[in-house]
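Trainee: Prediction below, plus the sequence it came from.
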Amino acid sequence: LLALAPLFLMMRADLGVSFVDLGLLLSVFYLFSGVGQVVAGILVDRFGAHRLLLCGLALQGAATAAMGFAPRYEALLPLAALAGLGNSVYHPADLSILSHRVAPGRLGRAFAAHVIAGSIGFALSPILSGAIGAAHGWRASLAILGGVVLMIGAALFVFRDALSCETADDGTAADARPAPGFLTILAMPVVLMAFLYFVLTSIALSSFQSFSIVALQKGFGASVALATFAAALYQIGNSVGVALGGAVADRTDQHHVIAMGGLAAASAFGFLAAFAPVPVVVTVGLIGAVGLALGLTTPSRDVLVRAVAPKGATGKVFGVVYSGYDIGALGAPVLFGLALDHNLPHLVLAGGAIPLGLAVLTAFAVRRRPD
């Protein structure tokens, strides 16, 4: 997901394209990931989460590696679409597996462990991608990182029994009710509010995870190393926050309060990073604080979503809700790329802070299980 961002400057010079063009690659990725995620949620409930997970890893890894061999910019667009389809299975599959194999009293910590593992990858990705790109070019970076994903998929295939989870509800139990259909899930107000929550927070993630690297270089006087470190620090802060948030989520039922407080704090830190007249190292620290505050909300967020999922429809709910993550990220790269092309890097960080403030309202709405 973050392999492209550190390579934007190299790709722009080599391919002769604008930041808007490069942002379009991410938009295509998230378009196909978002639409595919809804379909993946249905398939997870029908065919099993572990099968979808392995297929997604294979597709995304192969598409990312192939980007390194694309002869020109236009060839990158369909590959971004295929990578998005591969990415679409992760949230419905992963969270369905955890929901069915982990005791309810430990779900907060389980979700936290899952997110921390992802954050480790997010923290390493810009460093590895940028380092390989600087030494061997952006093509080698994408080819190598795509190959790593394929190797991870092969390893999980070998140990697939550990992931096996029949998530579908066959309705054979005497007291079982038929699992609600997709349209029923889509019409639930609490699911729609959770979807909007993800739309807004994904816009912020696009700002702080991907475009802050270039924004810090263009508008804040940061070196390449410091700007890349900011993205890594965001992930470190996020991981620490998730670890703390997982423990808290298992000890309270006020998950919406945790989510609202963390979002409000993250929004405040984001505005300070964008406009406070402070040295660039302080701005980098504030970006790390955004990650910490958002991390505190993440386990409570996932517990809230799990709580609204009817029996037999976990995959559908996670598919619909998490598709908001991709839909929000669909337009954000183009907007942030446009801001950079017009030399307005401060708006990149402010554009991440504003939706976090708006997301506080949606967290309040997703506060109880529907009847």
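Mentor: Everything's here; your move. Numbering: from 1, shown residues only.

Trainee: In this structure L26 contacts A329, no?
Mentor: Yes. The pair L26 / A329 is scored as a contact, 6.9 Å apart, by C-beta atoms under 8 Å. Heads up, the C-betas are built off the backbone N, CA and C, glycines and all.

Trainee: what touches both of these two?
Mentor: Jointly contacting L26 and A329 under the rule C-beta atoms under 8 Å, 6 or more residues apart in numbering are S206.

Trainee: which residues touch the nearest residue to G36 once chain neighbours are set aside?
Mentor: Nearest non-adjacent residue to G36, counting by C-beta to C-beta, 6 or more residues apart in numbering: S88, 3.1 Å away. Taking C-beta under 8 Å, 6+ apart, we find S88 in contact with 32-37, 39-40, 56, 326.

Trainee: one more time with 10 Å, if that's ok
Mentor: Neighbouring residues of S88 by C-beta atoms under 10 Å, 6 or more residues apart in numbering: 30, 32-41, 43, 52, 56, 59-60, 319, 322-323, 326.

Trainee: What of V38?
Mentor: 88, 92, 182, 185-186, 316, 319-323, 326-327.

Trainee: Could you say which helix or strand holds it?
Mentor: In the assignment (DSSP states H and E), V38 maps to helix 19-47.

Trainee: list the buried ones in that helix?
Mentor: 19-45 (16 or more other C-beta atoms under 10 Å).

Trainee: after it comes which helix or strand?
Mentor: Next in line after helix 19-47, if elements are assigned by DSSP H and E, sits helix 49-67.

Trainee: What is the distance between that following helix and the centre of its chain?
Mentor: Centroid separation between helix 49-67 and its chain, computed with C-alpha atoms, centre = their mean, to the nearest Å, is 16 Å.

Trainee: That one packs against which elements?
Mentor: helix 19-47, helix 73-87, helix 90-101, helix 138-158, helix 314-341 (3 or more C-beta pairs under 10 Å, 6 or more residues apart in numbering; DSSP states H and E).

Trainee: Please save the CA atoms from it in CSV.
Mentor: These are the backbone C-alpha positions of helix 49-67, laid out as CSV (Å, rounded to 0.1, in the frame of the first residue of the first chain):
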residue,chain,number,x,y,z
ALA,A,49,-12.3,-16.2,4.7
HIS,A,50,-9.0,-18.1,4.5
ARG,A,51,-9.6,-19.0,0.8
LEU,A,52,-10.2,-15.3,-0.1
LEU,A,53,-7.2,-14.2,1.8
LEU,A,54,-4.8,-16.4,-0.1
CYS,A,55,-6.2,-15.4,-3.4
GLY,A,56,-5.9,-11.7,-2.6
LEU,A,57,-2.2,-12.0,-1.5
ALA,A,58,-1.3,-13.8,-4.8
LEU,A,59,-3.1,-11.2,-6.9
GLN,A,60,-1.8,-8.1,-5.2
GLY,A,61,1.8,-9.4,-5.0
ALA,A,62,1.8,-10.3,-8.7
ALA,A,63,0.3,-7.0,-9.8
THR,A,64,2.7,-4.9,-7.7
ALA,A,65,5.8,-6.8,-9.0
ALA,A,66,4.5,-6.4,-12.5
MET,A,67,4.4,-2.6,-12.0
